[in-house]
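Visitor: quick one, fold the following:
(2 chains)
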Amino acid sequence: MNSSVIVFPGSNCDRDIAVALEKMQFKNQMVWHKETKLPKSDLIVIPGGFSYGDYLRSGAIAGKSLIINEVIKAANDGCLILGICNGFQILTETGLLKGALLRNKNLKFINRDVNIKIINNKTKFSNRYKKDQVLKINIAHNEGNYFTNSEHLKELKNDDLIAFKYCDEEGDINEVSNPNGSLENIAGILNTKKNILGMMPHPERMIDDLISNKDGVNLFSSLLN
Amino acid sequence: MLKKNVLDPQGKVVQNTLQNLGMNNLKSIRQGKYFEIEMKDTNLEQAENKVNDMCKKLLANLIIEDYKINKI
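Guide: Predicted coordinates:
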């Protein structure tokens, strides 16, 4: 499977995701944001970081970059798109995913391992997980508080477009297990066609027991499945 | 400006701090940002239309923010 990782000034999880993809046998290429052509890709990843120093709004400037036009075209043609953390913020700024990521409710940058629950395991990104499986996964963000209007929230629920929700170790989804104030504990969502996933947690940081755990591995093996 | 139905934790903190300073008549505070934009246009209407376009395309995120244009 061919993958491309888009790199912006200020991206800082681009190497991590490349290591994860290569470890999982993806044929990966890094693509600088000024490029106007994408290499042939089955998967495009928009990595985490602080593109353009989070100027204006997180992801706002990157969302208008040259390469994004190509990403939008590829997305409309059905290419799989994965946006992690800042990548999720960028996807909402482009309009590929609806809603927005606001400042964390407690106004703090949060960097810790949290639990998330697999809400939909019937997607290209999650088919190797069990439904309601609880993962331990790292989050590191200042703007991860997902917000959308009530109409779209209804759509997310009715069409099974919520991929993950923050929960506690037992899988209970409540206010205490919500680290950033996200609407309904949402940690990741899909677009209507389910070829685009945006998520705040970092699966690429959970691929090796030596440094964390392997809870992120099945996201990548799902894509290969 | 963040829309009225969007939580503004920064505004809340500023509000609490001002109240702690004894400013008790405070009803509410919302925090926003503003831009000073100079245009080359000499036609006011044209300039306004362009700034409006800028707001829609980049400066504001209409999902969470409202904007207002004031002429100086």
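Visitor: A:N145: neighbour count?
Guide: 24 (other CB atoms under 10 Å in any protein chain shown). To be clear about C-beta, it is placed using only N, CA and C from the backbone, and glycine gets the same treatment.
Visitor: could you check how far it is from chain B?
Guide: 8 Å (CB to the nearest CB, to the nearest Å).
Visitor: residues touching that residue, list them.
Guide: A:101-105, A:180-182, B:7 (CB atoms under 8 Å, 6 or more residues apart in numbering or on different chains).
Visitor: same thing with A:L224?
Guide: When contacts are taken as CB under 8 Å, 6+ apart, A:L224 is in contact with A:1, A:24-26.
Visitor: may I see the ChimeraX selection of the buried members of the contacts of A:N145?
Guide: Buried residues within these, by 16 or more other CB atoms under 10 Å in any protein chain shown, are selected in ChimeraX with:
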select /A:101,102,103,104,105,180,181,182
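Visitor: quick one on the thing from earlier: of the contacts of A:L224, keep whichever come out buried.
Guide: A:24, A:26.
Visitor: what about the residue nearest to A:K105 when sequence neighbours are not counted, distance to A:R103?
Guide: Residue nearest to A:K105 in three dimensions, not counting chain neighbours: A:G181, with 2.8 Å by CB to CB, 6 or more residues apart in numbering or on different chains. Here the criterion is CB to CB, to the nearest Å. By it, A:G181 lies 9 Å from A:R103.
Visitor: now do the shared contacts for these two.
Guide: What both A:G181 and A:R103 touch, as defined by CB under 8 Å, 6+ apart, is the set A:145, B:9.
Visitor: residues from chain B in reach of chain A?
Guide: B:2, B:6-7, B:9-10, B:13, B:57-59, B:61, B:63-64 (CB under 8 Å from any CB of the partner chain).
Visitor: next, format those residues as JSON lines and append secondary structure and pLDDT.
Guide: Output for the residues of chain B next to chain A, formatted as JSON lines (DSSP: H, G, I helix; E, B strand; the rest coil; pLDDT from 0 to 100):
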{"residue": "B:L2", "secondary structure": "strand", "pLDDT": "94"}
{"residue": "B:V6", "secondary structure": "coil", "pLDDT": "92"}
{"residue": "B:L7", "secondary structure": "coil", "pLDDT": "89"}
{"residue": "B:P9", "secondary structure": "helix", "pLDDT": "89"}
{"residue": "B:Q10", "secondary structure": "helix", "pLDDT": "90"}
{"residue": "B:V13", "secondary structure": "helix", "pLDDT": "91"}
{"residue": "B:K57", "secondary structure": "helix", "pLDDT": "95"}
{"residue": "B:L58", "secondary structure": "helix", "pLDDT": "96"}
{"residue": "B:L59", "secondary structure": "helix", "pLDDT": "97"}
{"residue": "B:N61", "secondary structure": "coil", "pLDDT": "95"}
{"residue": "B:I63", "secondary structure": "coil", "pLDDT": "93"}
{"residue": "B:I64", "secondary structure": "coil", "pLDDT": "94"}
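Visitor: of all these, which two lie farthest apart?
Guide: B:V13 and B:K57 (30.6 Å; CB to CB).
Visitor: the two: which has the busier surroundings?
Guide: It is B:V13, of B:V13 and B:K57, that has more neighbours when counted by other CB under 10 Å, with 13 against 9.
Visitor: nearest residue to the more buried one other than its sequence neighbours?
Guide: Distances taken as CB to CB, 6+ apart place A:L107 nearest to B:V13, at 6.5 Å, with adjacent residues excluded.
Visitor: same question, A:T94
Guide: A:G63 (4.6 Å).
Visitor: the one you found belongs to a helix?
Guide: Yes. Under DSSP: H, G, I helix; E, B strand; the rest coil, A:G63 falls within a helix.
Visitor: hang on, isn't it packed against A:F88?
Guide: No. In this structure, A:G63 is not within contact of A:F88 by CB atoms under 8 Å, at 11.4 Å.
Visitor: most distant residue from the centre of chain B?
Guide: B:G22 (26.0 Å; CA atoms, centre = their mean).
Visitor: I'd like to know how far that residue sits from chain A.
Guide: 23 Å.
Visitor: mind checking what secondary structure that residue has?
Guide: Under three-state DSSP, B:G22 falls in the coil class.
Visitor: what about it, distance to B:K12?
Guide: Using CB to CB, which is the criterion applied here, B:G22 is 18 Å from B:K12.
Visitor: many thanks, we can stop here.
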